[in-house]
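Enquirer: Give the three-dimensional model of this entry:
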Amino acid sequence: MTKPTLLIVDDEKPTREGLRAALEERFDVYLAEDAKAAMELLERESFDVMLTDFQMPNEDGMKLIGRAKSLAKPPICILMTAYGSEELAVDAMKRGADDYIAKGRLQIDELEMRIARAVRSQKLEVENVSLRQRLDEKFGMENIVGESPAMKEIFEVVQQVAPTRATVLLLGESGTGKELVAKAVHQLSPRAKLPFVTVHCAALAASLLESELFGHEKGAFTGAHERRIGRFEQAQGGTLFLDEIGEIDATIQIKLLRFLGERTFERVGSNKTLTADVRLVAATNKNLEALVQAGTFREDLFFRLRVVEINLPPLRERMGDIPLLAQGFLREFAAENHKPVKDFTAEALELLLNHRWPGNVRELRTAIESAVVLCRGERISARDLPRTLRAEAGGTGAPARELPKNDLTVKEAEKQLIIRALNETKGNRTRAAKKIGMARRTFHRKLHTYHLEGF
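Expert: Reported below is the predicted structural model:
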């Protein structure tokens with residue numbers, strides 16, 4: 001197995017050599033005596049981790065970390081210093097350091113553990129990017145897009161749960177993409193080539209839902225003129241997705257509980273017990289725990305469904321994803337409708353960023369589809385967006401905040417969103433990242449990308 005690559009930067013030769021001797025068994029170690037030598041190596045080679053001293057001639061470790069993080073493939077950065085203080089640690093993390101360790105308390109075992117943990121974290125982030133690409137290839141831009149900690153956690157859980165047989169419960173407001181996550185769980189599982197069957201439980205009366213799920217025999221009830229194969233049998237070997245599970249009545253709840261416990265069921269009007277190898281994924285926008293307390297949803301079924309729980313955040317909690325989502329939907333609908341639309345005006349993007357999106361990603365997608373259809377040129381303007389968005393800005397289509405006069409690309413809109421968050425949090429980068437739903441490491445990388453390090 002290839003060792004992780006580690007760059008050690010320290011102006012004291014004994015320290016460099018000592019660290020190399022201690023760490024070279026587990027890592028492929030490179031050495032640099034100052035920031036200049038380190039940058040020459042970083043520009044030639046791709047490193048997994050950089051361990052750098054703080055106090056060095058010409059350029060300190062803090063500035064080196066800032067330069068390293070601006071690279072296309074930045075390393076994990078750990079700062080060492082003999083001048084440890086809480087203030088310095090906080091400043092280091094703000095500048096993009098991933099970890100911090102005081103030389104006076106340096107233990108090789110602890111250092112190895114922290115480097116290994118950072119490498120695992122980086123590997124997982126790369127795998128999550130790969131997962132997002134695979135999901136986008138399969139399901140297109142309707143799929144979940146995002147870099148917030150909540151979204152990264154969702155991709156991690158999907159990756160872990162997909163290969164298993166575990167039942168999954170998806171929670172979240174309408175329009176957050178629960179069905180798309182269900183499809184991802186199926187597509188990334190060993191069942192991918194077998195059926196994925198969806199049932200919208202709220203769309204059918206209780207009597208019809210029972211037949212829809214479990215099937216019925218000829219003559220089982222008035223109008224049952226022939227045997228019907230239910231969705232459990234249709235999904236044999238694959239995945240059954242039960243949307244709006246909170247709407248099912250007591251009779252269906254009992255039958256589902258039996259299936260989850262024994263993997264058996266009976267068609268309506270039959271005493272013959274059938275079995276099905278079906279992976280169950282359920283979703284709801286209701287509070288099932290409250291329904292359990294109210295006595296309308298069985299507690300034992302709730303626990304059976306919630307083997308793995310995934311909560312999808314509303315769009316208002318990850319506003320940093322709006323420019324990327326909007327651009328993706330624009331490309332999709334421009335191609336579909338053969339329109340030359342390529343971008344948004346500053347006013348249009350500002351309206352998108354100011355709206356609270358009660359309908360979440362589904363509402364955003366519909367708004368962009370409408371705007372593309374109504375757009376008369378190459379850029380979507382404020383007047384092309386739905387009336388509700390314009391009304392929030394006073395009904396005129398004017399932006400709610402002062403804007404630059406030029407049109408914005410999606411990257412420029414993202415930059416404006418970051419600047420706004422920094423202004424609103426008085427420069428607190430941790431709070432600003434959280435405010436727009438962006439991972440801290442991603443936020444720091446974008447500060448370098450947009451030359452906002454000194455903000």
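Enquirer: contacts, neighbours, all on C-alpha from now
Expert: Noted.
Enquirer: now the helices for the stretch 301-450 of the chain?
Expert: Secondary structure of the stretch 301-450 of the chain (DSSP state H, counting those that start in this stretch): helices located at 322-336, 346-354, 360-374, 387-392, 410-424, 429-435, 440-449.
Enquirer: any idea how far the helix or strand containing residue 185 is from the chain center?
Expert: Assigned by DSSP states H and E, residue 185 belongs to helix 178-187. The chain centre lies 13 Å from the centre of helix 178-187; the measure is CA atoms, centre = their mean, to the nearest Å.
Enquirer: What of stretch 437-450?
Expert: Relative to the chain's own centre, stretch 437-450 is displaced by 15 Å; criterion: CA atoms, centre = their mean.
Enquirer: What of stretch 65-80?
Expert: Centroid displacement of stretch 65-80 relative to its chain, using CA atoms, centre = their mean, is 23 Å.
Enquirer: Residues touching stretch 289-302, excluding its own?
Expert: 246, 249-250, 253-254, 256-257, 288 (CA atoms under 8 Å, 6 or more residues apart in numbering).
Enquirer: Tell me the buried residues in it?
Expert: Neighbour-count burial for stretch 289-302 flags 297-298, 301-302 (criterion: 16 or more other CA atoms under 10 Å).
Enquirer: a markdown table for those, including pLDDT and distance to residue 197?
Expert: Formatted as a markdown table, the buried residues of stretch 289-302 follow (pLDDT from 0 to 100; distance: CA to CA, whole Å):
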| residue | pLDDT | distance to residue 197 |
| --- | --- | --- |
| 297 | 96 | 23 |
| 298 | 96 | 24 |
| 301 | 96 | 21 |
| 302 | 96 | 21 |
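Enquirer: Specify which member of the residues you listed is nearest to residue 413.
Expert: residue 302 (42.4 Å; CA to CA).
Enquirer: returning to that earlier point: pick the most buried one from the helices of the stretch 301-450 of the chain.
Expert: Scoring the helices of the stretch 301-450 of the chain by mean neighbour count under mean count of other CA atoms under 10 Å gives helix 346-354 as the most buried, with a mean of 23.
Enquirer: For this structure, which segments count as strands?
Expert: 5-9, 28-32, 49-53, 76-81, 99-102, 168-171, 196-200, 239-243, 264-265, 274-275, 279-284, 308-311, 343-344, 379-380 (DSSP state E).
Enquirer: Mind listing the strands the last one pairs with, and their directions?
Expert: According to DSSP bridges, strand 379-380 has the following sheet partners: strand 343-344 (parallel).
Enquirer: can you check the fifth one too?
Expert: According to DSSP bridges, the neighbouring strands of strand 99-102, each with its direction, are strand 76-81 (parallel).
Enquirer: what angle sits between the strand it pairs with and strand 49-53?
Expert: Angle between the axes of strand 76-81 and strand 49-53 is 20 degrees (criterion: axes from the mean of the first three to the mean of the last three CA atoms, to 10 degrees).
Enquirer: roughly how far out does strand 76-81 sit from the chain middle?
Expert: 27 Å.
Enquirer: Format the CA atom coordinates belonging to that strand as PDB.
Expert: In PDB, the C-alpha atoms belonging to strand 76-81 read as follows (Å, rounded to 0.1, in the frame of the first residue of the first chain):
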ATOM      1  CA  ILE A  76      -3.600  19.000   5.100                       C
ATOM      2  CA  CYS A  77      -1.700  21.600   7.100                       C
ATOM      3  CA  ILE A  78      -0.600  21.100  10.700                       C
ATOM      4  CA  LEU A  79       1.200  24.000  12.500                       C
ATOM      5  CA  MET A  80       4.000  23.400  15.100                       C
ATOM      6  CA  THR A  81       5.300  26.100  17.400                       C
END
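Enquirer: All the helices of the stretch 51-200 of the chain, in order from the start?
Expert: Assigned by DSSP H, counting those that start in this stretch, the helices in the stretch 51-200 of the chain fall at 61-69, 86-94, 108-139, 149-161, 178-187.
Enquirer: looking at this protein, which helix or strand is least sure?
Expert: Among the helical and strand segments of the chain, the one scoring lowest on mean pLDDT, DSSP states H and E is helix 108-139, with a mean of 68.
Enquirer: Kindly state the pLDDT recorded for residue 153?
Expert: Residue 153 is assigned 86 on the pLDDT scale.
Enquirer: For residue 53, see how far away it is.
Expert: 32 Å (CA to CA, to the nearest Å).
Enquirer: so what's the closest residue to residue 310 other than its chain neighbours up against?
Expert: Of all residues not flanking residue 310 in the chain, residue 170 sits nearest, at 5.0 Å (CA to CA, 6 or more residues apart in numbering). Residue 170 makes contact with 178, 182, 281-284, 309-312, according to CA under 8 Å, 6+ apart.
Enquirer: And those, which two are furthest apart?
Expert: 281 and 312, at 14.4 Å, using CA to CA across the contacts of residue 170.
Enquirer: Give me the more crowded residue out of the two.
Expert: Neighbours were counted for residue 281 and for residue 312 using other CA atoms under 10 Å; residue 281 has more, 26 against 21.
Enquirer: Show the contacting residues for residue 175.
Expert: Per CA under 8 Å, 6+ apart, neighbours of residue 175: 359-363.
Enquirer: right, I mislabeled it, should have said residue 227
Expert: Per CA under 8 Å, 6+ apart, neighbours of residue 227: 215-218.
Enquirer: cool, residue 186 as well?
Expert: 162, 192, 196, 238-239.
Enquirer: Would you mind giving those as CSV with neighbour count, distance to residue 265 and pLDDT added?
Expert: Output for the contacts of residue 186, formatted as CSV (neighbours: other CA atoms under 10 Å; distance: CA to CA, whole Å; pLDDT from 0 to 100):
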residue, neighbour count, distance to residue 265, pLDDT
162, 20, 24, 92
192, 17, 24, 89
196, 21, 19, 94
238, 24, 16, 94
239, 29, 16, 96
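Enquirer: Mind picking the two most distant members of those residues?
Expert: Among those, 162 and 196 lie farthest apart (CA to CA), at 13.4 Å.
Enquirer: Cool, thanks, signing off.
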